[in-house]
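Undergrad: what shape does this take:
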Amino acid sequence: MRDAQGNPLAIYDVSGSVITLKEQQLYGSSRLGTWSPNLNLTAGTTTSTDLAYNVMGQKYYELTNHLGNVMATISDKRLQTGSSTPYYLPDVVTQQDYYSFGAPQPGDRTYVYLTRNAYRYGFNGKENDDDVGKGTGNQQDYGMRIYDPRVGRFFSEDPLFKNFPWYSVYQSTGDNPIKYIDLDGEEPKEKTINYGRNLVLGNANVNTLQNSKKLFNDNWMGSNGDIKNGLVYMEQIKNNMLPETKIMNIVFVTHGGYELDNNGKHTGDTNFHPDYTNDCIAITSGEIMKFLKTGTSGKTGATELFKKKDKYIGELKQMFDKMGEGGNFVFSACRVGDDPNMGKALQALSGGRINIYVTPDLVQISKGISKINELKLGRIQDNLLVFKTSHFVKGFIKYPANYGDPINTSKNLTLNPTGVALELTTPRDKVGDKPIVTP
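TA: Numbers count the residues shown, from 1 in each chain. Sure, this is the predicted structure:
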C-alpha cells in the first residue's frame, strides 16, 4: 500500500482467507524505520492492533549517514547487561557497509542478527529488490529505474538524458556517489543537512533568485518579492529538492516603522509592509489580531485595501505553517519591535510553532544581498550607519515558540554560509568591524 506520492505505507499478505500485516513504515518528516508485527488481521482473531504495537522488538529504526544510506538498524528494545551494576545496550538488528556505488560489503561488514530478516532499505535509503535472487542489496528500485550497485549503473536509459549530454545514459549519482545521491533514477542531487532549509525572502536582488541553484552547498537561498512570492518559492524548494525538506529559518526583508509628527512623536501603530515595493499597504498588530478573531483585518464589507491586507496576512500564516516546528522567522523590518503587541500578534499568527524575531532598531543586511557572495556574508542589522543617532545596538527581541515570554537578546543576527545557519552576535560598528561598546 502506497500514498499518493508513491511512498510505501504498509505491506499485507493475503493467503486464502487469511490477511496478515507484514510491515508498516514509520514516518516523521521522512522514513524513520519499520514495524514488522506479522499480525493476523482476519476477523475473529484475538490480538488487537493496539496490543501488537506495544510488543517490544518489532520496530526497527534506521541509522543513516549524510547520504541517507542505511548503515544500521536498531529495535525499540534495550538489552540489559551485567548484574551487580546493570547497564543497557542497543538491540542491533542489522549493520551494513557499502562499496562506493552501493554494493554491500561482504563478511563481517554486513550483519543480520540471528533469524531476523535483512532490512529492506539500504544504499541511498532505497528499497532493495531481493526477490530477483541476486543476493541482499544487489538490486534496488529507485522508482523510475532499477539499479545494480555492483556496477554502479541503471538497467535502462535515463529519461532525462537530453538534459545531461555529458553523462552516460545509464550512470548513477553523476558518477560521484560520495557527493551526490540519485533521488529517483532521473538525476543526481546533492544531499546535505542544510539542503534548502534557510531562506532570505523579500527585498532580495533578482540575481540572488536567478542564481539560487548555485547555493546548494551553502546554508542560505534567496528570493525577491512579496509574501506571496515567498510562499511560492517555499513550495518550489520543497518540490524541486527533497520532499521532506522543512524550512527552518526565514529572514523576511521589508520596510517597517511608524509615522512621526513634526516633534518626532508616533502618530500611528508600528507596522510592516508585506510587499516592500508598495508603501500603501502596511499591516499593524491590531489588524493581525482582528484577522485571527474575525477572519478579516477590517470591517464587514471591507474596502479593497483591507481585502489585500487579509490576503497577505493569510499568506503569512501559511508561510509560518509550512516551516519546521521550532524554526525561526526574522522580520528584517525597521522598528517593528517597538510595539510589543506586534511580536505577540505574530506569535499568535504562527500558532506558537516557531520563534519570531523583531527589533525596535533600524535594520539592514550588511552590503545588501545583490550578489551571491554578499548573501553568503550577510549580517542582519549590524554595520550600516544610516542615521548618526543610531548604531544598531538595540538588538533583536525573541518571541519564543510555545508562546514563551519575549526575550530581549541585545544581539544582532548573523547568516552563516556553513554550520549553524543563524546566530546571535554582538553588534559591530562601521569602522574596523569592531564590537560596539554601548554607554
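Undergrad: CA atoms for contacts and neighbours, from now on please.
TA: OK.
Undergrad: list the buried residues in the longest helix that the chain contains.
TA: If you go by DSSP state H, the chain has its longest helix at helix 304-322. By 16 or more other C-alpha atoms under 10 Å, the buried positions in helix 304-322 come out as 306, 309-310, 312-320.
Undergrad: run through who's touching it.
TA: Residues from elsewhere that reach helix 304-322 (C-alpha atoms under 8 Å, 6 or more residues apart in numbering): 227-228, 230-231, 246-247, 274, 281-283, 288, 291, 295-298, 329, 349-350, 353-354.
Undergrad: mind showing which ranges of the stretch 301-439 of the chain have poor pLDDT?
TA: 301-302, 363-393, 415-419, 426-439 (pLDDT under 70).
Undergrad: show me where the stretch 1-150 of the chain has helices.
TA: Assigned by DSSP state H, counting those that start in this stretch, the helices in the stretch 1-150 of the chain fall at 49-53.
Undergrad: poorly predicted segments of it, please.
TA: Those would be 5, 28-29, 43-50, 114-116, if you go by pLDDT under 70 across the stretch 1-150 of the chain.
Undergrad: find the centremost residue of this protein, please.
TA: residue 246 (2.0 Å; C-alpha atoms, centre = their mean).
Undergrad: hmm, that one is touching residue 323, no?
TA: Yes: contact criterion C-alpha atoms under 8 Å: residue 246 and residue 323 qualify, at 5.9 Å.
Undergrad: may I see the buried residues of stretch 322-336?
TA: By 16+ other C-alpha under 10 Å, the buried positions in stretch 322-336 come out as 323-336.
Undergrad: what of stretch 73-87?
TA: 73-75, 77.
Undergrad: which one of the residues you listed is nearest residue 97?
TA: For the buried residues of stretch 73-87, the residue nearest residue 97 by C-alpha to C-alpha is residue 73; the value is 12.2 Å.
Undergrad: ok, the residue lying closest to that closest one once chain neighbours are set aside - how many residues close by?
TA: The shortest distance from residue 73 to any non-neighbouring residue, by C-alpha to C-alpha, 6 or more residues apart in numbering, is to residue 62 (4.7 Å). Using other C-alpha atoms under 10 Å, residue 62 is surrounded by 22 other residues.
Undergrad: what helix or strand does the nearest residue to residue 410 once chain neighbours are set aside sit in?
TA: Spatial nearest neighbour of residue 410, chain neighbours left out: residue 395 (4.2 Å); criterion: C-alpha to C-alpha, 6+ apart. Using DSSP states H and E, residue 395 falls within no helix or strand.
Undergrad: now residue 248
TA: Judged by DSSP H and E, residue 248 forms part of strand 247-253.
Undergrad: elements contacting that strand?
TA: strand 198-202, strand 323-332 (3 or more C-alpha pairs under 8 Å, 6 or more residues apart in numbering; DSSP states H and E).
Undergrad: go through those strands and name the closest to residue 113.
TA: Using C-alpha to C-alpha, the helices and strands packed on strand 247-253 put strand 323-332 closest to residue 113, at 36.0 Å.
Undergrad: what pairs with that closest one, parallel or antiparallel?
TA: The pairing partners recorded for strand 323-332 under DSSP bridges are strand 247-253 (parallel), strand 355-358 (parallel).
Undergrad: then that strand to CSV, C-alphas only?
TA: Extracted in CSV, the C-alpha atoms of strand 323-332 (Å, rounded to 0.1, in the frame of the first residue of the first chain):
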residue,chain,number,x,y,z
MET,A,323,8.0,25.9,8.5
GLY,A,324,9.5,23.2,10.6
GLU,A,325,8.5,23.1,14.3
GLY,A,326,10.7,25.3,16.4
GLY,A,327,12.1,27.2,13.3
ASN,A,328,13.0,30.9,13.3
PHE,A,329,11.2,33.7,11.4
VAL,A,330,13.2,37.0,11.4
PHE,A,331,11.5,40.3,10.4
SER,A,332,14.2,42.3,8.9
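Undergrad: show me where the stretch 1-150 of the chain has strands.
TA: 10-15, 18-27, 31-35, 39-40, 59-64, 70-81, 87-96, 110-112, 127-128, 140-141, 146-148 (DSSP state E, counting those that start in this stretch).
Undergrad: export those as a markdown table, with columns for distance to residue 221.
TA: Shown next, in a markdown table, are those (distance: least, C-alpha to C-alpha, whole Å):
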| stretch | distance to residue 221 |
| --- | --- |
| strand 10-15 | 36 |
| strand 18-27 | 27 |
| strand 31-35 | 26 |
| strand 39-40 | 46 |
| strand 59-64 | 26 |
| strand 70-81 | 29 |
| strand 87-96 | 35 |
| strand 110-112 | 39 |
| strand 127-128 | 31 |
| strand 140-141 | 32 |
| strand 146-148 | 32 |
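Undergrad: out of those strands, which is closest to residue 188?
TA: Across these, closest to residue 188 is strand 146-148 (C-alpha to C-alpha), at 13.6 Å.
Undergrad: which residues touch stretch 327-344?
TA: 247-258, 269-272, 284-286, 320, 353-364, 380-381, 396-397, 399.
Undergrad: now with 7 Å, please.
TA: The contact list for stretch 327-344 (C-alpha atoms under 7 Å, 6 or more residues apart in numbering) reads 248-257, 270-272, 285, 354-363, 397, 399.
Undergrad: how far away from the center of its chain is that stretch?
TA: How far stretch 327-344 lies from its chain's middle: 22 Å, per C-alpha atoms, centre = their mean, to the nearest Å.
Undergrad: do me a favour and get the end-to-end distance for that stretch?
TA: 16 Å (C-alpha to C-alpha, to the nearest Å).
Undergrad: do the same with stretch 56-70
TA: In terms of C-alpha to C-alpha, the two terminal residues of stretch 56-70 are separated by 22 Å.
Undergrad: residue contacts, residue 105?
TA: Here residue 105 is in contact with 97-99 (C-alpha under 7 Å, 6+ apart).
Undergrad: circling back: was I right to think the residue nearest to residue 73 contacts residue 31?
TA: No: applying C-alpha atoms under 7 Å as the test, residue 62 and residue 31 come out as separate, 8.4 Å apart.
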